[in-house]
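Trainee: Here is my input; please provide its structure:
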Amino acid sequence: MAILLDSTVLIDALCGREAAERIRALHRVDDTPYVCAINVEEVVRGLRAGEGVPALRLLGAMRLAPLGLEEGVRAGTWRQRYGRRGRTLTQADCLIAAAAVSVGGRLATGNPKHFPMPELEVEHWPVGT
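Mentor: Have a look, this model is predicted:
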């Protein structure tokens with residue numbers, strides 16, 4: 001089953017933490033993980049001088065999940081549904097979740113509470129370790 005890596009996991013990997021080894025393990029079993037354009041933007045936005053090459057190398061080793069009409073509708077529906085219940089979900093998180101669903105997979109994140117969607121299988125990859 002495909003897995004999309006959330007920005008928290010990607011940033012942790014770039015810092016050389018546990019996520020880096022978990023990603024390498026996926027590649028060793030020929031399971032190339034996915035990212036989406038939102039993850040790419042979030043990672044690039046936080047880069048400091050000298051971090052661009054390693055970040056682009058990591059991101060370039062991933063498959064790119066689509067973000068099109070279907071994903072936009074799914075994300076907007078979630079935001080509307082949860083908003084009516086008094087729970088605010090961010091646009092970025094909803095689009096990331098929709099991208100994960102579109103590849104038929106699951107989401108690896110350090111923030112599982114940000115992704116309450118029942119259609120989404122969430123794996124908690126603790127960050128900062």
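Trainee: Please enumerate the strands of this structure.
Mentor: 3-5, 34-35, 63-64, 106-109, 121-124 (DSSP state E).
Trainee: Make CSV from those and add mean neighbour count to it.
Mentor: Bear in mind the C-beta positions are built from the backbone N, C-alpha and C, glycine included. Formatted as CSV, the entries for these read as follows, by neighbours: other CB atoms under 10 Å:
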stretch, mean neighbour count
strand 3-5, 25
strand 34-35, 23
strand 63-64, 14
strand 106-109, 23
strand 121-124, 15
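Trainee: wait, what's in contact with Phe115?
Mentor: Listed by CB atoms under 8 Å, 6 or more residues apart in numbering, the contact partners of Phe115 are 93, 96-97, 107, 109, 122.
Trainee: circling back to that earlier point, quick one: the strands of the chain as CSV, columns for distance to Cys15 and mean pLDDT too.
Mentor: As requested, the strands of the chain are arranged in CSV below (distance: least, CB to CB, whole Å; pLDDT from 0 to 100):
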stretch, distance to Cys15, mean pLDDT
strand 3-5, 14, 96
strand 34-35, 17, 97
strand 63-64, 22, 96
strand 106-109, 16, 96
strand 121-124, 18, 96
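Trainee: Which among those strands is found nearest to Gly86?
Mentor: Closest to Gly86 of the strands of the chain, according to CB to CB: strand 121-124, at 21.1 Å.
Trainee: so what strands line up beside that closest one?
Mentor: Taking DSSP bridges as the criterion, strand 121-124 forms sheet pairs with strand 106-109 (parallel).
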